[in-house]
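> build me a structure from this.
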Amino acid sequence: KAAAEQKPEAKADANVEQQAGAKKERKPREPQMVTADGCKVTHGHAYQGKDNPEEWYFTAKIDGQQLKPQKMDAADLAAYQKKELTVPQLMERYYPTKLMPKVPEDTYRFPRQMEGAEGSVAIEKFNVYKEKDEQRPDFGRYKFYAQVG
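Numbering: from 1, shown residues only. Just a heads-up that it's a prediction; the model follows:
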């Protein structure tokens, strides 16, 4: 009886060792696509919403950073499920800015002086913002505010 009892334990120990070896040798996931800046997009997938099963969302990770899920159109979901749409195509549709090349910060620097008809005027404050008032006709558009003089 003692020999029969040891055999299942020995097999269990061997399985645990194999699983531990598999975890140590874990390779990073191959990217589904690479952006213009060389960022790797992985884990791109569609999933069903928890609260409303009729809603589906698309999400992915870029260089290990989870992106905020975006609600999918029904036509996009059907095409993705039929494999007519790929992850790169969905990335272009739902995360277009993530795929664009990053612009160096120096490009955003603006001069502290502005030349006008009356000479040089100092720019005291400069903001870029998105219009959030739904009543305005330019709702959702980006604007800038400059305080001069």
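> mind telling me which residue is nearest the centre of the chain?
In the chain, the residue lying closest to the centroid (C-alpha atoms, centre = their mean) is residue 67, at 3.2 Å.
> surely it meets residue 45?
No. Using C-beta atoms under 8 Å, residue 67 makes no contact with residue 45, being 11.3 Å away. For every residue, glycine as well, the C-beta is placed using N, CA and C.
> overlap of the contact sets of the two?
59-60 (C-beta atoms under 8 Å, 6 or more residues apart in numbering).
> ok, back up a step: got the contact list for the residue nearest to the centre of the chain?
59-61, 95, 98.
> which element follows the one helix or strand in the chain whose mean pLDDT sits lowest toward the C-terminus?
Every helix and strand of the chain was ranked by mean pLDDT, DSSP states H and E. The lowest is helix 2-24, at a mean of 52. Going down the chain from helix 2-24, the next helix or strand is strand 33-34, by DSSP states H and E.
> so where's the longest strand in this structure?
Ranked by residue count under DSSP state E, the longest strand found in the chain is strand 119-130.
> so how far is whichever helix or strand comes after it from its chain's centroid?
Next helix or strand after strand 119-130 toward the C-terminus (DSSP H and E): strand 142-148. Here strand 142-148 is found 29 Å from its chain centre; the criterion is C-alpha atoms, centre = their mean, to the nearest Å.
> quickly run through the sheet partners of strand 142-148, with directions.
Strand pairing for strand 142-148, determined by DSSP bridges: strand 119-130 (antiparallel).
> what about the longest strand of the chain, average pLDDT?
Strand 119-130 comes out with an average pLDDT of 83.
> stretch 74-90 now?
Rounded mean pLDDT across stretch 74-90 is 93.
> need the CA coordinates for that stretch. CSV is fine.
What follows is stretch 74-90, C-alpha atoms only, in CSV (Å, rounded to 0.1, in the frame of the first residue of the first chain):
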residue,chain,number,x,y,z
ALA,A,74,-22.7,46.8,-33.9
ALA,A,75,-21.4,46.7,-37.5
ASP,A,76,-17.8,46.7,-36.3
LEU,A,77,-18.5,43.9,-33.8
ALA,A,78,-20.1,41.7,-36.5
ALA,A,79,-17.2,42.3,-38.8
TYR,A,80,-14.7,41.6,-36.1
GLN,A,81,-16.4,38.4,-35.1
LYS,A,82,-16.4,37.3,-38.8
LYS,A,83,-12.7,38.2,-38.9
GLU,A,84,-13.3,40.9,-41.5
LEU,A,85,-11.9,43.5,-39.2
THR,A,86,-8.5,43.0,-37.6
VAL,A,87,-7.0,44.5,-34.4
PRO,A,88,-5.0,47.1,-36.4
GLN,A,89,-8.1,48.3,-38.2
LEU,A,90,-10.0,48.5,-34.9
